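Peer 1: this one's structure only:
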């Protein structure tokens, strides 16, 4: 009888240990799954859509400037400015694109061989900007206005889509045949 009681205790203890192990395995499995799910979702870039299949991302770097009235003289004296930088990639391959022209209003910048660009601008209240990335044979991508006031760093990465539309042969522009066809097209009713 004592032997049966001891064996029952061993069996119950083994069952309890087995249940605890299964519970911990389940908890570990849940954490591993959550880690992969959040890791994968954080690793994917959510593009801001544009008028084509390309896009861009915007992130604000660390740090903000002090909230004080700023004039051009104060900016020059304090060296207060915002750095705008990023990369330009092919949306399908993820490879960096070089010699991409980035236009900010009247100012133009070009990417390096590694697809990087960087410039600094004044940090004035009400300041915002937009960028356009253009390089042949890709479709251009233009950002919406981005508020840069009271920021130290703004990172804008572009993802350009290859333009697969056929090119037109316009070598005959200005010839008599071209003028005749153009006149016919203008006079269609």
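Peer 2: Cool, got the structure. Just so you know, these numbers come straight off a predicted model, no measurement behind them. Numbers count the residues shown, from 1 in each chain.
Peer 1: now the chain, which segments are flagged as low pLDDT?
Peer 2: Within the chain, the ranges that satisfy pLDDT under 70 run 1-45, 62-79, 189.
Peer 1: for it, what spans make up the helices?
Peer 2: 2-43, 72-78, 176-186 (DSSP state H).
Peer 1: separation between the residue nearest to residue 118 when sequence neighbours are not counted and residue 52?
Peer 2: In space, and not counting its chain neighbours, residue 118 is closest to residue 85: 3.7 Å by Cβ to Cβ, 6 or more residues apart in numbering. In short, each C-beta sits where N, CA and C put it, glycine included. Per Cβ to Cβ, to the nearest Å, residue 85 is found 23 Å from residue 52.
Peer 1: for residue 159, same thing?
Peer 2: 11 Å.
Peer 1: same check, this time on residue 161
Peer 2: 5 Å.
Peer 1: higher neighbour count, these two?
Peer 2: residue 161 (17 against 14; other Cβ atoms under 10 Å).
Peer 1: List the contacts of the more buried one.
Peer 2: Going by Cβ atoms under 8 Å, 6 or more residues apart in numbering, residue 161 touches 52-54, 91-92, 138-139.
Peer 1: Who wins on neighbours among the residues you listed?
Peer 2: When neighbours are counted by other Cβ under 10 Å, residue 54 leads those with 25 neighbours.
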